[in-house]
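K.L.:
Got a sequence here, can you build the structure:
(one chain, ligands or ions: 1)
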Amino acid sequence: MRRVVCPGSFDPVTNGHLDIISRAAHLYDEVVVAVVRNPSKTALFTAAERAELIREATKSLSNVRVDRFEGLIVDFCRSNDISAIVKGLRAVTDFDYEMQMAQMNYNQAGVETLFMTTNPLYAFLSSSLVKEFARFGGDVSGLVPGAVLDRLTTRLNET
Ligand code: PNS
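P.N.:
Got it, this is the predicted structure:
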């Protein structure tokens, strides 16, 4: 089975992430969306909540599975029999760090990284900007799936 992992923080998942996930799902037998749990980084949603929101948003894609991980992505790949990572590249600003991680992961574990160019519709989009806009009353309804919009509004009202 040709399996690829799409790793990230997904705090929260955006339409830009979903574009990459669904395009990867057309190319691979299975896409595993791996939500990182990073105890040293403060997130708006817990890893379990982030994973649940992705599950909800990808429920029509039968070959997408959502999981969580902590530690190195290459260890997650090893234990899930995955040989490649897929990442979306929005702009040159993404490139340096993504390239560095890709080379490190290949050097250390032979795990390949495939870069997919982001749909220009979402080239500006990031989870951080979505949170910032939503926090100050901006309308992010076209940028995130419906379930995320609801949870985002509720969570930001709580904080
Ligand atoms: O959505 P993000 O925060 O840009 O995703 C970054 C992520 C989670 C894909 C990256 O930080 C990662 O792979 N973290 C896991 C830890 C790891 O393997 N670090 C070494 C990378 S060379």
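
K.L.:
Which stretches in this structure count as helices?
P.N.:
The residue ranges that make up the helices of the chain, judged by DSSP state H, are 15-27, 47-57, 73-79, 92-109, 127-135, 146-158.

K.L.:
would you put the C-alpha positions of the last one in PDB?
P.N.:
Provided in PDB are the C-alpha atoms of helix 146-158 (Å, rounded to 0.1, in the frame of the first residue of the first chain):
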ATOM      1  CA  GLY A 146     -17.700  24.700   9.200                       C
ATOM      2  CA  ALA A 147     -16.900  22.600  12.200                       C
ATOM      3  CA  VAL A 148     -13.800  24.600  12.900                       C
ATOM      4  CA  LEU A 149     -15.600  27.900  12.600                       C
ATOM      5  CA  ASP A 150     -18.100  26.800  15.300                       C
ATOM      6  CA  ARG A 151     -15.400  25.500  17.700                       C
ATOM      7  CA  LEU A 152     -13.100  28.500  17.000                       C
ATOM      8  CA  THR A 153     -15.900  31.000  17.900                       C
ATOM      9  CA  THR A 154     -16.800  29.100  21.100                       C
ATOM     10  CA  ARG A 155     -13.100  28.600  22.200                       C
ATOM     11  CA  LEU A 156     -12.200  32.200  21.600                       C
ATOM     12  CA  ASN A 157     -15.200  33.400  23.600                       C
ATOM     13  CA  GLU A 158     -14.000  31.200  26.500                       C
END
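
K.L.:
For that helix, list every residue counted as buried.
P.N.:
Within helix 146-158, the residues that count as buried by 16 or more other Cβ atoms under 10 Å are 147, 148, 149, 151, 152, 155. The way it works is simple: take the backbone N, C-alpha and C, and place the C-beta from them, glycine included.

K.L.:
The ligand contacts on the protein?
P.N.:
For the chain, the contact set with the ligand under Cβ under 6 Å from any ligand atom comprises 7, 8, 9, 36, 72, 73, 101, 104, 105.
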